[in-house]
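**Student:** Can you look at this prediction? I've put the sequence above it.
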Amino acid sequence: MSEAFPSERSAYDCGDGAFDDDNEDENASVSETKMDLERIRGAVREILIAVGEDPDREGLRDTPDRVARMYAEVFRGLHQDPKVHLQKLFTQKYDEMVLVKDIRFESFCEHHLLPFIGQAHVAYLPNGKVIGLSKIPRVIDVLAKRPQMQERLTEDVADLLMKELDARGVAVVIEASHSCMTVRGVHKPGSSFVTSAMRGAFKERLATRHEVLSLIFGGKPT
Ligand SMILES: Nc1nc2c(ncn2[C@@H]2O[C@H](COP(=O)(O)OP(=O)(O)OP(=O)(O)O)[C@@H](O)[C@H]2O)c(=O)[nH]1
Ligand SMILES: [Zn+2]
């Protein structure tokens, strides 16, 4: 991994509690201190020159710095540990499905570094304990704010929840539109990409899988 990005260890090294805080701006600025902003600025300047631009003209003068700060913001999840949001569980004798639908997220595809934006739907079957509702979107935000593939994002959310909640099952469905398929390349605006990861009872029991899919898609054919 290049020096501009953290090592595997430091990406998960949240022992100093730097990211226990839920404050977005603060998280972005902590991320800035962990990234090699100078290197990003230099690289952006080089790209501008390479495409035939003058990086010193007035309109572009601050662009390398803006882009560096943007990367610190949109890739801050590299320096955050999603598990910190899943430590506080509530004992509850509720053993039916819990579903959080339509969680909007923004991520960046690792192939083109262009945004993909959509909704995630996450269900789990508790095992005597439930998690605070807001924590599921928080986990998605951490994992989305990294260079991603939608399939990996989907599976990582499912595996993490399965493990940390000791759930009897987890279902994750993500629908997104990828800018790399709309603003360039094949130019197919309106197309969406749907991925799913089923774990535990959602994988093993067809009726349970159908139940969650019909709750997510509201009876639409799935
Ligand atoms: N499976 C998957 N593919 C993705 C994702 N994000 C972007 N892609 C695709 O990644 C592929 C990269 O293909 P390449 O042939 O290496 O790159 P490219 O020449 O820019 O491809 P085109 O987009 O077809 O022009 C493209 O087909 C993208 O649509 C993702 O999250 N999952
Ligand atoms: Zn892409």
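**Tutor:** Structure received. Ligands and ions are numbered 1, 2, ... in the order given.
**Student:** In space, not sequence, find me the middle residue of the chain.
**Tutor:** The centroid of the chain falls nearest to Ala144 when counting by CA atoms, centre = their mean (1.3 Å).
**Student:** so how far is ligand 1 from it?
**Tutor:** 11 Å (CB to the nearest ligand atom, to the nearest Å). All C-beta atoms are positioned from the backbone trio N, CA, C, and that covers glycine.
**Student:** Just list whatever residues bridge to the nearest residue to that residue once chain neighbours are set aside.
**Tutor:** Distance criterion CB to CB, 6 or more residues apart in numbering; nearest residue to Ala144, sequence neighbours excluded, is Ser107 at 3.9 Å. In this entry, Ser107 is beta-bridged to Phe116, by DSSP bridges.
**Student:** Was I right to think Ser107 contacts Phe116?
**Tutor:** Yes: counting by CB atoms under 8 Å, Ser107 does reach Phe116; the two are 5.5 Å apart.
**Student:** Need the residues touching each of those two.
**Tutor:** Common neighbours of Ser107 and Phe116, using CB atoms under 8 Å, 6 or more residues apart in numbering, are 148, 150, 176.
**Student:** Report pLDDT for the last one.
**Tutor:** This means Ala176. For Ala176, the pLDDT comes out at 98.
**Student:** what about it, how many neighbours?
**Tutor:** Other residues near Ala176 come to 23 when the count uses other CB atoms under 10 Å.
**Student:** again, but for the second one
**Tutor:** The burial metric for Gln150, expressed as a neighbour count using other CB under 10 Å, is 20.
**Student:** got the contact list for whichever residue of the chain sits closest to ligand 2?
**Tutor:** Ligand 2 sits closest to Cys180 of the chain, with a gap of 2.9 Å, by CB to the ion. By CB under 8 Å, 6+ apart, the contact list for Cys180 reads 109, 111-112, 114, 116.
**Student:** If anything else comes up later, I'll come back, but that's it for now.
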